[in-house]
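Chemist: Provided below for reference: sequence and predicted model.
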Amino acid sequence: MAPVEIQNLTKCFGSVEAVKDLSFDIEPGRVTGFLGPNGAGKSTTLRALLGLVRPTAGAATFDGQHYEQLDRPNTHVGAVLEDAAFHPGRSGRNHLRVLAVTGDHPQSRVEEVLGIVGLTDAADRPAKGYSMGMRQRLAIASALLGDPHVLILDEPTNGLDPPGIAWMRDLVRGQAREGRAVLISSHLLAEVAQSVDDVVIIARGRLRARGTLEQVLGGDEGTSTEVRAAEIDRLAKSLQAQGHRVERDGEALLVLGVAPEQVGEVAAAERVALRYLAPRARSLEAAFLQLTADEEAPASEVPA
């Protein structure tokens with residue numbers, strides 16, 4: 001059983017289907033990027049998972065239990081949503097001390113998480129004087145206070161400068177190395193590509209793709225091929241006839257999930273003269289745009 005399971009989740013607000021029959025798992029020891037355009041249903045999914053909205057159908061569970069069924073839930077799940085708030089007159093340290101008391105956590109844990117997020121030197125300053133990046137660090141410290149098995153971060157790099165973004169990347173990778181299941185919802189695709197192991201992409205509340213980052217970017221080995229040829233249209237048809245996914249990129253073709261040797265073999269069999277043949281990585285942005293462009297596109301799933 002996975003630490004986080006979304007099973008046929010549907011959530012309707014009146015006649016609007018915010019999420020429709022959505023299913024995916026989050027595995028321990030891995031960072032999963034949860035991606036989608038604005039209005040795709042990401043926040044609704046996270047809120048259903050955290051018991052903030054009730055699903056119309058399906059389930060969102062932690063180790064098979066709904067959030068409200070968990071014993072001391074903050075020892076199982078740490079979450080940072082975009083609307084994290086603090087008492088403006090309370091210091092960062094005292095904010096965490098209050099949470100430690102209400103959550104029955106040892107006070108020593110307060111100093112530990114302050115160190116983890118790099119706020120020790122600013123811990124006695126009132127939260128109202130914190131920058132947006134510092135407030136984000138305090139929110140993450142709050143989520144880590146119970147030493148949870150699952151960490152859910154909604155737009156975690158908001159307000160962080162480039163060094164802060166690099167710190168965040170190291171933090172989530174370190175949390176995964178310690179065995180936690182980490183779920184990140186973010187719009188910063190280039191940053192996500194440097195941080196995650198797995199990707200879940202949704203649009204209009206429906207699953208569009210899920211799998212390892214390499215698989216979603218193009219094939220089991222993450223390999224794609226850029227090819228240019230004199231008879232590019234004929235080569236494209238031949239490649240598609242053999243079941244390969246092909247995208248046009250100006251005067252070139254990008255053959256997804258296929259090594260250059262295989263493309264060369266097809267070209268040789270068809271007697272198509274090649275002008276250029278080389279491996280090329282497809283960016284997460286390109287994959288994201290292609291997967292979410294067609295509102296009725298079917299889901300793409302590659303088993304991990």
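Modeler: That came through fine. Numbering: from 1, shown residues only.

Chemist: What lies in contact with the helix or strand where residue 182 lies?
Modeler: Under the criterion of DSSP states H and E, residue 182 resides in strand 181-185. Residues outside strand 181-185 that contact it (Cβ atoms under 8 Å, 6 or more residues apart in numbering) are 2-4, 26-35, 42-43, 46, 149-156, 172, 175-176, 192, 195-196. Just so you know, the C-beta spots here come from the backbone N, C-alpha and C atoms, and that holds for glycine as well.

Chemist: Just the buried ones among those, please.
Modeler: Buried residues within these, counting neighbours by 16 or more other Cβ atoms under 10 Å: 3-4, 26, 30-35, 42-43, 46, 149-156, 172, 175-176, 192, 195-196.

Chemist: hang on, the earlier thing: what's the offset of the strand holding residue 182 from the middle of its chain?
Modeler: From the chain centre to the centre of strand 181-185 is a distance of 6 Å (Cα atoms, centre = their mean, to the nearest Å).

Chemist: For the very next helix or strand once past it, give the mean pLDDT please.
Modeler: Counting by DSSP H and E, the next helix or strand C-terminal to strand 181-185 is helix 189-195. Helix 189-195 comes out with an average pLDDT of 86.

Chemist: Next: stretch 43-50.
Modeler: Stretch 43-50 comes out at a mean pLDDT of 96.

Chemist: Just give me how far that stretch sits from the chain centre.
Modeler: Relative to its chain's centre, stretch 43-50 lies at 14 Å (Cα atoms, centre = their mean).

Chemist: next one: stretch 48-56
Modeler: 19 Å.

Chemist: Any stretches of the protein with poor pLDDT?
Modeler: Along the chain, the parts satisfying pLDDT under 70 run over 83, 218-223, 281-282, 294-304.

Chemist: all helices for it, in order.
Modeler: For the chain, the helices defined by DSSP state H cover 42-49, 92-102, 108-117, 132-144, 162-177, 189-195, 213-218, 232-241, 260-269, 284-293.

Chemist: would you list the ones you listed in JSON lines and tack on distance to residue 124?
Modeler: Below are those laid out as JSON lines (distance: least, Cβ to Cβ, whole Å):
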{"stretch": "helix 42-49", "distance to residue 124": "32"}
{"stretch": "helix 92-102", "distance to residue 124": "6"}
{"stretch": "helix 108-117", "distance to residue 124": "10"}
{"stretch": "helix 132-144", "distance to residue 124": "13"}
{"stretch": "helix 162-177", "distance to residue 124": "21"}
{"stretch": "helix 189-195", "distance to residue 124": "31"}
{"stretch": "helix 213-218", "distance to residue 124": "40"}
{"stretch": "helix 232-241", "distance to residue 124": "63"}
{"stretch": "helix 260-269", "distance to residue 124": "59"}
{"stretch": "helix 284-293", "distance to residue 124": "40"}
